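Engineer: Next one to model:
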Amino acid sequence: MLISLLLMIYETWLVGLYAEQSYRRKVELLKRNGCVIIASPSNVRWLVGTEGGIVLIDETKEVMVAPKLELDRIRKSVEWIEVIEGPRGSLWKKVRDLCSGPYYADLAYLNYSQANSLVSEFKAKDVSKEIARLRRSKDEYELKTIKSALKIAEDAFKITWEELREGITELQAAGILEMRMRELGAQEYAFNTISAFGENSAEPHHIPSARKWGLNEIALFDFGAVVNGFRSDITRTFAPDRRSEWMIAVLEAVNESMKAVREGVRASDIDAIARNVLKEYGYEKAFIHGLGHGVGADIHEPPYLSPSSNDVLVEGDVVTIEPGIYFQGEGGIRVEQMVVVKRNGWEVLNELPALWY
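Structural biologist: Numbers count the residues shown, from 1 in each chain. Modelled structure (predicted):
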């Protein structure tokens, strides 16, 4: 009992150490001769692991400015940055008091009004491209955190699957899966969980309904968890009887496209491989979305694996490979794996079998 407690304390300390090292690395790469304003919730989450304020970085310090109602929560979760109170809805008013220009900001991540305010008041220059580049290559802490979020999601699904019974509704199944993720440590859901039964599985972004499940019907689940600001994304489909050929085609598209994943490969080329596999089965018109996308602080972020993408894979990218085929009125199959890009290949992050029966 004591050993288990000590191991838990050590693991918590180690995670905190990795988190702070990751933060320090990012800060050093973001520093400019002036003040960098990180204002987008997405980028604040990527930088410090939580959101609710803005982060100011200059050559000598970093400060997070947050409204009073967020102060205690943020201070408990982020110990390595000073957190001070700013007026709710007007956090910009603290900027000049805390750091001087020239000013830089993540303008492209903000809405027009926010970006326009920063440009007109501070003459801020955009550093969004630099931030986007930094966000692509996941460091050791980020990768560990994404793996943790994925393990929670997969373990929750295994428990949920054992609880499914004939007659359960899509809403009930989604609710059980989300509850199990929470019980296993998810701080949030990565997005609204999709559970789709029978013909509803032909809708890639189906919203769960009161539709009941029959044991001989397709059951598709698309879900993910959040840990310390980073997300996981996974899809598994149960495909009985005559729909097994659909599954075989989709699994082949997953496996063949993954073989091409490595640094320097065009994302559109990987998408094309999956499409060519499905074309051989006669299903090319049933594949109606891109092959995948990056995952990190956001559930959808660069690179995008699609026919129109100009992205090129870099080492450290975490991407999804998720071909799917959909037949209106009948159903659909999608399998989604999470993969980290290596210099000369890839690593599948999933432990849950892709073929689910």
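Engineer: which residues touch stretch 321-331?
Structural biologist: 198-204, 217-218, 235, 243, 246, 249-250, 253-254, 257-258, 261, 270, 274, 277-278, 283, 286-289, 291-292, 305, 332-337, 339 (Cβ atoms under 8 Å, 6 or more residues apart in numbering). Quick note: C-beta positions are derived from backbone N, CA and C, even for glycine.
Engineer: Ok, stretch 199-206 next?
Structural biologist: The contact list for stretch 199-206 (Cβ under 8 Å, 6+ apart) reads 170, 194-196, 209, 211, 218-220, 237, 288-289, 324, 326-334.
Engineer: chain center to stretch 255-267, what's the gap?
Structural biologist: The chain centroid and the centroid of stretch 255-267 are separated by 19 Å under Cα atoms, centre = their mean, to the nearest Å.
Engineer: Okay, now it: how far is its last residue from its first?
Structural biologist: 15 Å (Cα to Cα, to the nearest Å).
Engineer: Renumber starting at 17 from here on
Structural biologist: Yep, numbering from 17; the last one is stretch 271-283 now.
Engineer: so where does residue 62 fall, helix or strand?
Structural biologist: Using DSSP states H and E, the element containing residue 62 is helix 57-64.
Engineer: circling back to that earlier point, buried subset of the contacts of stretch 215-222?
Structural biologist: In the contacts of stretch 215-222, burial by neighbour count holds for 186, 210-212, 227, 234-236, 253, 340, 342, 347-350, counting by 16 or more other Cβ atoms under 10 Å.
Engineer: Now do the strand or helix carrying residue 88: distance to the chain's middle.
Structural biologist: Residue 88 is part of helix 84-93 when elements are defined by DSSP H and E. Centre-to-centre, helix 84-93 and its host chain are 24 Å apart (Cα atoms, centre = their mean).
Engineer: what's next to it, contact-wise?
Structural biologist: So helix 84-93 is in contact with 65, 66, 68, 69, 80, 82, 99, 101, 104, going by Cβ under 8 Å, 6+ apart.
Engineer: Which positions within the next helix or strand after it qualify as buried?
Structural biologist: The first helix or strand that comes after helix 84-93 along the chain, using DSSP H and E, is strand 98-101. The neighbour-count check on strand 98-101 (16+ other Cβ under 10 Å) flags residue 99 as buried.
Engineer: Direction included, what does strand 98-101 pair up with?
Structural biologist: Next to strand 98-101 in the sheet, as set by DSSP bridges, lie strand 78-82 (parallel).
Engineer: and the partner strand, average pLDDT?
Structural biologist: Mean pLDDT, computed over strand 78-82, is 93.
Engineer: do the same with stretch 130-137
Structural biologist: The model assigns stretch 130-137 a mean pLDDT of 91.
Engineer: And that stretch, what's buried?
Structural biologist: 130, 131, 134.
Engineer: rewinding a little: after the helix holding residue 62, next one along is what?
Structural biologist: Downstream of helix 57-64, the next assigned helix or strand under DSSP H and E is strand 70-73.
Engineer: any low-confidence regions in the stretch 167-316 of the chain?
Structural biologist: Low-confidence segments of the stretch 167-316 of the chain, defined by pLDDT under 70: 258-259.
Engineer: That one: helices as residue ranges?
Structural biologist: In the stretch 167-316 of the chain, the segments counted as helices under DSSP state H, counting those that start in this stretch are 186-199, 260-274, 283-296.
Engineer: Serialize the ones you listed to TSV and add fields for distance to residue 335.
Structural biologist: Formatted as TSV, those follow (distance: least, Cβ to Cβ, whole Å):
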stretch	distance to residue 335
helix 186-199	22
helix 260-274	10
helix 283-296	8
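Engineer: count of neighbours near residue 47?
Structural biologist: Neighbourhood size, residue 47 [other Cβ atoms under 10 Å]: 16.
Engineer: Just the pLDDT for it.
Structural biologist: Listed pLDDT for residue 47 reads 92.
Engineer: before we move on, back to that, now, the buried residues of stretch 130-137 that are in helices?
Structural biologist: Among the buried residues of stretch 130-137, the ones falling in helices (DSSP state H) are 130, 131, 134.
Engineer: between these, which is nearest residue 331?
Structural biologist: residue 131 (30.9 Å; Cβ to Cβ).
Engineer: Quick check: chain neighbours aside, which residue is closest to that closest one?
Structural biologist: residue 123 (4.4 Å; Cβ to Cβ, 6 or more residues apart in numbering).
Engineer: same thing with residue 322?
Structural biologist: residue 306 is the one closest to residue 322 (Cβ to Cβ, 6+ apart), at 3.2 Å.
Engineer: how near is that neighbour to residue 38?
Structural biologist: Going from residue 306 to residue 38 by Cβ to Cβ, to the nearest Å gives 29 Å.
Engineer: The two: who's more crowded?
Structural biologist: Comparing residue 306 with residue 38 by other Cβ under 10 Å, the one with more neighbours is residue 38, at 23 against 20.
Engineer: ok but the more buried one is inside a helix, no?
Structural biologist: Yes. Per DSSP: H, G, I helix; E, B strand; the rest coil, residue 38 lies within a helix segment.
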